[in-house]
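Engineer: Generate a structure from the sequence data that follows.
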Amino acid sequence: MDNKAIWLIEDNSDDIELTLRAFRKNNLQNEIIVFNDGATAMENIIAVADDDTSVNTKFPALILLDLKLPKVDGLEILKVIRSNEKFKYIPVVILTSSLEETDLVRGYELGANSYIRKPVDFSKFIEAVQQLEVYWLILNHVPGD
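Structural biologist: Numbering: from 1, shown residues only. Just a heads-up that it's a prediction; the model follows:
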């Protein structure tokens with residue numbers, strides 16, 4: 001598999017480590033770029049979309065997006081992603097612990113491709129990450145792929 005970048009937009013250090021461990025456990029070779037808050041993610045989305053060479057961030061093949069982020073929340077980030085022509089077809093998977101039905105509905109209204117509630121159990125989380133990898137990075141095709 002080629003080395004397509006995965007953007008992980010997540011502020012919780014435990015969830016970041018858990019996600020990275022799950023990727024390693026599944027031998028995922030993709031570069032994982034972590035943004036720890038919504039503002040940093042937003043800056044990079046805008047810079048990459050504008051072909052700003054001052055940022056050294058790879059264009060994503062997949063975005064894993066938490067909703068409850070400091071500075072700018074995940075739903076606002078999703079709005080910006082879906083309003084930008086360059087990000088139009090990039091799969092966005094909301095990966096969150098939110099149990100709010102309104103978050104689920106709003107996420108899909110704004111163009112999320114999938115909404116996954118983070119499993120608490122590590123073995124279930126590894127399985128979820130493996131399924132993400134297989135479907136979104138191997139099986140799924142987007143225009144320009």
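Engineer: switch to C-alpha atoms for all contacts and neighbour counts from now on
Structural biologist: OK.
Engineer: Tell me where the chain has strands.
Structural biologist: Secondary structure of the chain (DSSP state E): strands at 5-9, 32-35, 60-65, 92-96, 114-117.
Engineer: what angle do the fourth one and strand 5-9 make?
Structural biologist: Computed with axes from the mean of the first three to the mean of the last three Cα atoms, to 10 degrees, the direction of strand 92-96 lies at 40 degrees from that of strand 5-9.
Engineer: Direction included, what does strand 92-96 pair against?
Structural biologist: Partners of strand 92-96 in the sheet, by DSSP bridges, are strand 60-65 (parallel), strand 114-117 (parallel).
Engineer: Need the winner for burial among those.
Structural biologist: Across those, the average number of neighbours (mean count of other Cα atoms under 10 Å) peaks for strand 60-65, which reaches a mean of 22.
Engineer: where in the protein is pLDDT low?
Structural biologist: By pLDDT under 70, the low-scoring segments of the chain are 1-3, 119-120, 138, 144-145.
Engineer: try 90
Structural biologist: Counting by pLDDT under 90, the chain shows low-confidence ranges at 1-5, 14-15, 17-31, 48-59, 61, 88-89, 95-100, 116-145.
Engineer: so what's the residue most central in space within it bridging to?
Structural biologist: A centroid search over the chain (Cα atoms, centre = their mean) returns L64, at 1.6 Å, as the residue closest to the centre. L64 has the following beta-bridge partners by DSSP bridges: L8, V93.
Engineer: which residues does it contact?
Structural biologist: The neighbours of L64, taking Cα atoms under 8 Å, 6 or more residues apart in numbering as the test, are 6-9, 92-95.
Engineer: can you pull out the helices in this structure?
Structural biologist: Under the criterion DSSP state H, the chain carries helices at the ranges 13-25, 38-49, 74-83, 101-109, 122-132.
Engineer: Cool, thanks, talk later.
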